[in-house]
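J.: sequence isn't available, so here's the structure alone:
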């Protein structure tokens, strides 16, 4: 049974840090493109970061470049999102997703992801 479970969200002050975790079961994260998406209240889900399954190449959304880092621990079958210098606009639900398509094929396309977690809430206070 495939499961994707996010954790690590919470309330943090602006300028603070959080590390989100995405634990997968039923498939190997090393065989999937893994991604984090952010959905702010009333807005569409947007790509935050994605990591390839072949070379560990990464892609980041413009608003998080230089602040967030995606990584993968294949031994733990877990993907992480280290979030630094958090801003109030980073508030929202963060979802982890997995797909078989390679990283180079429009990583922001939500419909291309086969597996999704339930999300974890991040709230950044000003």
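T.: Yes, it's here. None of the values given here were measured: they were computed from a predicted structure. Residues are numbered from 1 along each chain as shown.
J.: now the strands for this protein?
T.: Secondary structure of the chain (DSSP state E): strands at 3-7, 10-13, 18-25, 33-39, 46-51, 58-60, 68-73, 78-83, 92-99, 115-116, 120-125.
J.: in its sheet, what does the first one sit against?
T.: With DSSP bridges as the test, strand 3-7 is paired with strand 18-25 (antiparallel).
J.: before we move on, what about the last one?
T.: The strands that strand 120-125 pairs with in its sheet are strand 10-13 (parallel), strand 92-99 (antiparallel) (by DSSP bridges).
J.: once you drop chain neighbours, what's closest to the most centrally placed residue in the chain?
T.: The C-alpha lying nearest the average C-alpha coordinate of the chain belongs to residue 36 (C-alpha atoms, centre = their mean; 1.8 Å). Nearest in space to residue 36, with sequence neighbours left out and distances taken as C-beta to C-beta, 6 or more residues apart in numbering, is residue 48 at 4.3 Å. The way it works is simple: take the backbone N, C-alpha and C, and place the C-beta from them, glycine included.
J.: residues in contact with that neighbour?
T.: Applying C-beta atoms under 8 Å, 6 or more residues apart in numbering to residue 48 gives the contacts 35, 36, 37, 38, 60, 61, 64, 68, 70, 81, 94.
J.: of those residues, closest to residue 104?
T.: The closest of those to residue 104 turns out to be residue 35 (C-beta to C-beta; 13.1 Å).
J.: quick one: mean pLDDT for stretch 107-123?
T.: Summarised as a single mean, pLDDT over stretch 107-123 is 97.
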